[in-house]
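Novice: Okay, structure incoming, though there's no sequence with it:
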Ligand code: NA
Ligand code: NA
């Protein structure tokens, strides 16, 4: 029978395996199987859980955006268009400290208005922004932390898969949740930018220092300048086509990934990428996306084990035990989200907790829309915390540099995690940040 | 005698404690069948078992796909991940092709209560409808019931069937077959708000209660009570191995509660339907009944569909035509008038 | 060693081929989505069934990439303790991880067999009456790619455990 002890054991087992360098996919899968075998006294039941989840976990249109956006990022990167845009920004905003990191945050804000899945942003920007920041002398940890951290904008700015799941489970208007994310999303963009400006001013060396980069670009031929213009405008045109198409009702955000890929192919061809380069882009996409897709499958297996093991009751008992102070209850919820965020993916966390949390939050007087935004930001913060931080893992999978360890990326992400929690505190104190725009609808 | 075995099988601590894992793929409250599963079936079962037997019962509930998505509940109950599953068979076009026959007869009765009565009569005449769960899916049907009556919400106002021409209307699964005159677009309710707002499509086949639950009234202010009908697609089933080990008194109570659940759910559907329409009107939506002419024209446009499905069922070895004709007659007996009495042979 | 080498070479060819197939499918998915968008937005006649194809295609794509991912050792893991270990410790860790990986996909393959057989014998499909997509190709890909993953893991285990060869991520092939 499940219960607190069982939850404790399976979570400890998972941490132990991960620390012992067992690949996370294998640790999650085996914990799920043997945990459920213990719970049910049968091998057939956990077997069918594995089979069913392997078949069903990804069988949804929205998961297609992950490899599609990775492919789009790969194409934009290979075409040199991303390099063009970053070079232009680097030269055009010479005096601005940390300008490439700022461009990455801005890019994530724009990209976040197209994709509803954070790891799609993280993967795309690992291919688009990282090579540029590295080339311009950025500290690797700083550059990668920035990419993993600012990917959270993808879930906060509409569209957002997390908001859809949240809305369905708690019966909130998905449309209103989307609108509620806009101001917090802009606020987060501003906060991230301010952080980067301050950090880059204090330690310019970590942000490339700007010296070599400037020299290299001063003696460009007009030919090179023209090509750079084409690349930069190409990226902007692609963004406009995708955003415009969604706005015009030509396609849904999910379909935008497919459209974006085709435009990126055109851009790559215009920029002179041959068939060999195009082929390599598609093949690399496979190499990057497979480990991520299997993480999603096995994280869902584990989430189901947690549910069957009685995590619902554990959470409910914990909440009942803290009394009736709304602030205390919210703190406990945030802590529970944070702990779950260490082990399972965002959607699974919502499935496990929102049915319990959302009604309780209403009872103790939190606005359901503001509460949803608080929850989504907190859960997003879990994507950059060890041991299982999906955004960090995505970045690691996408950059393909053996000497950059997960720990390096986790370290670089710490400030972003902190900023997300500050945003949570702001919305908890001033729920209007989230509720004002939807109240106008 | 089997008390200890029972305790072991269900992972319970003591011999007289029955533990059941109950689950569904939908969130509680979105559809009548999960709402009644959580608010009626579970508490009622507990209450009656505690009142009338010596057993104690412990039920864990997993809704909203926590353990099994809508497309997994049938298999999860078959293999024992769940002991009891609340299944929406509309998500099983293949395994539920026979049981889902009401979907092939659009413009059936808008009343869920009457639909349940007619379907139950059909089951009595054709018990193979439920036998299949036992023979192929290792589970026993305890009860079956309806979903809410389908209507159509749109961004634009319309009255004639021909007004739909050129408009894109969304639906999911077999419902797409009902979209005639307009252009069918495959989608899901989660994407509907943004899609209708931006104009990817302009309407959706939906129950009135879902229309306001998904706040679609904000982007599509017209709702037509088209009366495609309440559809018999929801079942509560129990894993056969679990069933065989349950004490007889518990089995009896489970059957009894599930049979009543079917009617409780049907009544909830009918209430949701009426309240949904009232709520929409209150929210400023133009709510109206479909005109008899439009309904006639629409059902005429669909008249080949039932025959096509009957042929399909026949090719798979099911008595499709017999079952559908019996059901249509039964609904007529209960006072339903088919706008087009489909001819199936 | 030679038998293992031959098997390893064979698996390399197979995993490459599956990787190319997955890549082609991914491009196909993106073309299909665009075709659907154009047909719906401009010609007012969407291609029904695209959602089903994309949803099932993504599962197929993921599993087709599995063997390659396993061979490349690209399943993510924490290197915290690994970095503190000596060469022998690393070899032991590699061997154990590979055996655990073989166990996991062995369990997946074992449990997926029955659903595969049934999807074939009953002609199971997803979609709806006018658009039926058979289930067995997805099931078959899950089954066969899981088996290939077991073989790939076992080769890793034998190489590391018996012959003392580590397969480092990335360095393996490019
Ligand atoms: Na977004
Ligand atoms: Na985490």
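Specialist: Great, that's in hand. Model, not experiment: these values are computed from the prediction. Ligands and ions are numbered 1, 2, ... in the order given.
Novice: Tell me how many other residues surround residue 57.
Specialist: Using chain A. Counted with other C-beta atoms under 10 Å in any protein chain shown, residues neighbouring residue A:57 total 26. C-beta here means a position set from N, CA and C on the backbone, and glycine is covered the same way.
Novice: The chain in question should be chain C.
Specialist: There are 23 residues near residue C:57, going by other C-beta under 10 Å.
Novice: Point to the residue nearest the middle of chain B.
Specialist: Closest to where the C-alpha atoms of chain B average out (C-alpha atoms, centre = their mean) is residue B:233, at 3.2 Å.
Novice: who's in contact with the closest residue to it other than its chain neighbours?
Specialist: Residue nearest to residue B:233 in three dimensions, not counting chain neighbours: residue B:90, with 4.4 Å by C-beta to C-beta, 6 or more residues apart in numbering or on different chains. Contacts for residue B:90 (C-beta atoms under 8 Å, 6 or more residues apart in numbering or on different chains) come out as B:96, B:100, B:103, B:147, B:173, B:174, B:231, B:233.
Novice: Next, the contact list for the last one, please.
Specialist: Yep, that's residue B:233 we're talking about. Per C-beta under 8 Å, 6+ apart, neighbours of residue B:233: B:88, B:89, B:90, B:96, B:100, B:102, B:103, B:146, B:147.
Novice: Now do the host helix or strand of residue A:293: distance to the chain's middle.
Specialist: Applying DSSP states H and E as the criterion places residue A:293 in helix A:275-308. Centroid separation for helix A:275-308 versus its chain: 14 Å, with C-alpha atoms, centre = their mean, to the nearest Å.
Novice: Kindly report the same for stretch B:211-228.
Specialist: With C-alpha atoms, centre = their mean, you get 19 Å for stretch B:211-228.
Novice: Please apply the same query to stretch B:242-251.
Specialist: 26 Å.
Novice: Pull up the distance across it, start to finish.
Specialist: One end of stretch B:242-251 sits 10 Å from the other (C-alpha to C-alpha, to the nearest Å).
Novice: Show me where chain C has its helices.
Specialist: Assigned by DSSP state H, chain C shows helices spanning C:2-41, C:50-64, C:66-71, C:87-121, C:136-161.
Novice: ok, back up a step: in the contacts of residue B:90, which residue is surrounded by the most others?
Specialist: Using other C-beta under 10 Å as the neighbour test, the contacts of residue B:90 are led by residue B:103, with 28 neighbours.
Novice: Could you report the distance from that residue to residue B:132?
Specialist: Between residue B:103 and residue B:132 the distance, using C-beta to C-beta, to the nearest Å, works out to 17 Å.
Novice: Also residue B:250?
Specialist: Distance, residue B:250 to residue B:132, by C-beta to C-beta: 25 Å.
Novice: For these two, indicate the residue with more neighbours.
Specialist: Ranked by neighbour count (other C-beta under 10 Å), residue B:250 and residue B:132 place residue B:250 first, with 20 against 16.
Novice: of all the helices of chain C, which gets the most neighbours per residue?
Specialist: Mean neighbour count (mean count of other C-beta atoms under 10 Å in any protein chain shown) peaks for helix C:66-71 among those, with a mean of 28.
Novice: Tell me the first helix or strand C-terminal of the lengthiest helix in chain B.
Specialist: Longest helix of chain B, by residue count under DSSP H: helix B:248-282. Per DSSP H and E, helix B:248-282 leads on to strand B:286-289 as the next helix or strand towards the C-terminus.
Novice: buried residues in that next one?
Specialist: Buried residues in strand B:286-289, counting neighbours by 16 or more other C-beta atoms under 10 Å in any protein chain shown, are found at B:287, B:288.
Novice: now for it, which elements pack on it?
Specialist: strand B:222-229, helix B:248-282 (3 or more C-beta pairs under 8 Å, 6 or more residues apart in numbering or on different chains; DSSP states H and E).
Novice: Which neighbouring elements make contact with the last one?
Specialist: Think helix B:248-282. Using 3+ C-beta pairs under 8 Å, 6+ apart, helix B:248-282 sits against helix B:32-36, helix B:42-52, helix B:112-125, strand B:139-146, helix B:208-213, strand B:222-229, strand B:232-239, strand B:286-289.
Novice: So which bits of it are buried?
Specialist: Those would be B:250, B:253-254, B:257-259, B:261-270, B:272-273, B:276-277, B:279-280, for helix B:248-282 by 16+ other C-beta under 10 Å.
Novice: Pick the one among the contacts of residue B:233 closest to residue C:82.
Specialist: Using C-beta to C-beta, residue B:88 comes nearest to residue C:82 of the contacts of residue B:233, at 46.4 Å.
Novice: List the buried residues in stretch B:197-214.
Specialist: Buried, per 16+ other C-beta under 10 Å, within stretch B:197-214: B:197-198, B:200-214.
Novice: residue ranges with poor pLDDT in chain A?
Specialist: Where chain A drops to pLDDT under 70, the residues are A:1, A:210-220, A:441.
Novice: how about the residues of it near ligand 1?
Specialist: Applying C-beta under 5 Å from the ion, we find that chain A lies next to ligand 1 at A:112, A:116, A:154, A:157, A:160.
Novice: Provide a list of residues in contact with whichever residue of chain C sits closest to chain A.
Specialist: With C-beta to the nearest C-beta as the measure, residue C:33 is the residue of chain C nearest to chain A, at 2.8 Å. Counting by C-beta under 8 Å, 6+ apart, residue C:33 makes contact with A:64, A:255, A:257, A:258, A:259, C:50, C:54.
Novice: try 10 Å this time
Specialist: The contact partners of residue C:33, by C-beta atoms under 10 Å, 6 or more residues apart in numbering or on different chains, come to A:61, A:64, A:68, A:251-252, A:254-262, C:47, C:50-51, C:53-54.
Novice: Residue nearest the middle of the chain, spatially speaking?
Specialist: Went with chain A since none was named. Note: chain A centre (C-alpha atoms, centre = their mean) maps to residue A:118, 2.7 Å.
Novice: oops, I was thinking of chain C
Specialist: residue C:66 (2.3 Å).
Novice: Could I get the phi/psi values of residue B:157?
Specialist: With angles defined as degrees, to the nearest 10, residue B:157 sits at phi -80, psi 150.
Novice: Let me see the confidence value for it.
Specialist: With respect to pLDDT, residue B:157 has a value of 96.
Novice: Next: residue B:13.
Specialist: For residue B:13, pLDDT reads 38.
Novice: cool, and residue B:6?
Specialist: 46.
Novice: quick one: residue C:83 and residue A:403 touch, right?
Specialist: No. With contacts counted by C-beta atoms under 10 Å, residue C:83 stays clear of residue A:403, the gap being 11.2 Å.
Novice: okay, these two: which has more neighbours?
Specialist: Taking other C-beta under 10 Å, residue C:83 and residue A:403 do not tie; residue C:83 has more neighbours (11 against 6).
Novice: residues contacting that one?
Specialist: So residue C:83 contacts A:21, A:405, A:407, C:90 (C-beta under 10 Å, 6+ apart).
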